[in-house]
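Asker: quick one: sequence and predicted model below, then my questions.
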Amino acid sequence: MTENKIAKIIVDAAYQIHVRLGPGLLESVYETVLAYELKKRGLNVVRQVPVPVIYDDLDFEEGFRADLIVEDRVIIELKSVENILPVHKKQLLTYLRLKDCRLGLLINFGEALIKDGISRIANGLKDDSN
């Protein structure tokens, strides 16, 4: 399954969750529910995955924790905030590079309309969704 097909499933699941739960809950709630929903749809999902950072001879075991990684291909960074800042997108792009993934989704469940809260961040991935 391609990254773009996985992303479509993720976006649909996020939409369904947002419709049922609405905005304003803690990120951890959305993380738990989204992981459950994606597993229900047959996807392999892992939560709070430590990703090491290697710099010269230094190896930081836990450079960051990815909120969700789906099918070992798509990183999901979840927020539940008023506004996404430019730094959030930059962080996700850095996570993609460190994990050697090509696609990430930044999902802000704090938006009134979930379509306004989803950003697709690509690391060398072309859109094959047609």
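Answerer: Yep, that arrived. Small disclaimer: the values here were computed from a predicted structure and weren't measured. Residues are numbered from 1 along each chain as shown.

Asker: could you list the buried residues of stretch 63-75?
Answerer: Buried residues in stretch 63-75, counting neighbours by 16 or more other CB atoms under 10 Å, are found at 63-64, 66-71, 73-75. Heads up, the C-betas are built off the backbone N, CA and C, glycines and all.

Asker: surely E3 meets V74?
Answerer: Yes: the pair E3 and V74 qualifies as a contact (CB atoms under 8 Å) at a distance of 5.5 Å.

Asker: please enumerate the shared neighbours of the two.
Answerer: L103 (CB atoms under 8 Å, 6 or more residues apart in numbering).

Asker: neighbouring contacts of the helix ranked longest in the chain?
Answerer: Ordering each helix of the chain by length in residues (DSSP state H) puts helix 3-21 first. Residues from elsewhere that reach helix 3-21 (CB under 8 Å, 6+ apart): 29-30, 33-34, 37-38, 41, 43, 70-71, 73-74, 76, 102-103, 105, 107, 109, 114-115, 117-118, 120, 125, 127-129.

Asker: let me know the next secondary structure element after it.
Answerer: helix 27-40 (DSSP states H and E).

Asker: now that next one and helix 3-21, what's the angle there?
Answerer: Orientation of helix 27-40 against helix 3-21 (axes from the mean of the first three to the mean of the last three CA atoms, to 10 degrees) gives an angle of 120 degrees.

Asker: what strands flank the helix or strand that helix 27-40 is followed by, and is each parallel or antiparallel?
Answerer: Note on helix 27-40: by DSSP H and E, the next helix or strand toward the C-terminus is strand 45-55. Within its sheet, strand 45-55 is paired with strand 58-70 (antiparallel), according to DSSP bridges.

Asker: what does the model give L125 for pLDDT?
Answerer: Per-residue confidence at L125 stands at 62 (pLDDT).

Asker: which outside residues touch the helix-or-strand element of the chain with minimal mean pLDDT?
Answerer: None of the helices or strands of the chain scores lower by mean pLDDT, DSSP states H and E than strand 58-70, at a mean of 85. Strand 58-70 is contacted by residues 6, 10, 27, 31, 34-35, 38, 43-54, 75-78, 95, 98-99, 101 when judged by CB under 8 Å, 6+ apart.
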